[in-house]
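> Model the structure of this input:
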Amino acid sequence: MMIDNRGQISAEFLLLVGSLIVVMLIALSFIASENELSLAMSAARNGVNEGSSFASSAIYPMETFEDYSRANNLLVIPSSVEIINVSYTDMGYDSNFDKNRIQFKVYAHSSKDLDKKELDSIGDRINYNLRKSIALTFESTKSTNKLYNPVFSPHYIFTTANVKWV
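The predicted model follows:
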């Protein structure tokens, strides 16, 4: 009596392929989430560099420029801001937006002697450019306000903490 083994091989093959597909789908969802965070971090670094590099050559509304020219003249002349670190913290699930909230924090240093108000102003500009860069990357400018706070991506909501001056 002869036994046909061909049916057993095709069943094992289908089981193996099915298992591989399930593993790939699970891995794909994890990789997509990590890719989204990598894109956000890259955009944040670009925005921080833009906000710190162009701090003195930024385009201001006329009222703000006049205020800076009178009271904070150091903000409209070239300044030396060095970015030390850009990091983010997962703040957990935000039920208001049905997404995880990520908060970026920038550590910076200025070689000029600036007071707290001037440092806060430069920090606000750095954070604004950080959020704007993320909004442009994820094409979510229409779903946020004019200050880009908060910024949305498919799975996350992004905010910023005050710049820490070291």
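> just checking, what packs against the host helix or strand of Ser19?
With secondary structure defined by DSSP states H and E, Ser19 is part of helix 6-53. Other elements packing on helix 6-53 under the criterion 3 or more CB pairs under 8 Å, 6 or more residues apart in numbering; DSSP states H and E are strand 81-94, strand 99-110, helix 116-137, strand 156-160. Heads up, the C-betas are built off the backbone N, CA and C, glycines and all.
> okay, the angle between the second one and helix 116-137?
Going by axes from the mean of the first three to the mean of the last three CA atoms, to 10 degrees, strand 99-110 is angled at 130 degrees with respect to helix 116-137.
> Show me the contact partners of strand 99-110.
The list of residues contacting strand 99-110 from outside it, by CB atoms under 8 Å, 6 or more residues apart in numbering, reads 37, 40, 44, 48, 52, 79-94, 119, 122-123, 126-127, 130, 150, 152, 155-161, 163-166.
> what about burial for these, which qualify?
37, 40, 44, 48, 52, 79, 81, 83, 86, 88, 119, 122-123, 126-127, 130, 150, 152, 156-160, 163, 165 (16 or more other CB atoms under 10 Å).
> List the contacts of Thr141.
The neighbours of Thr141, taking CB under 8 Å, 6+ apart as the test, are Ala135, Tyr148.
> no wait, Val163
Lys105, Val106, Tyr107, Ala108, Leu119, Ile122, Gly123, Ile126, Asn127.
> switch the cut-off to 7 Å
Counting by CB atoms under 7 Å, 6 or more residues apart in numbering, Val163 touches Val106, Ala108, Gly123, Ile126, Asn127.
> Export those as JSON lines, with columns for distance to Leu14.
Formatted as JSON lines, these follow (distance: CB to CB, whole Å):
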{"residue": "Val106", "distance to Leu14": "52"}
{"residue": "Ala108", "distance to Leu14": "57"}
{"residue": "Gly123", "distance to Leu14": "59"}
{"residue": "Ile126", "distance to Leu14": "55"}
{"residue": "Asn127", "distance to Leu14": "53"}
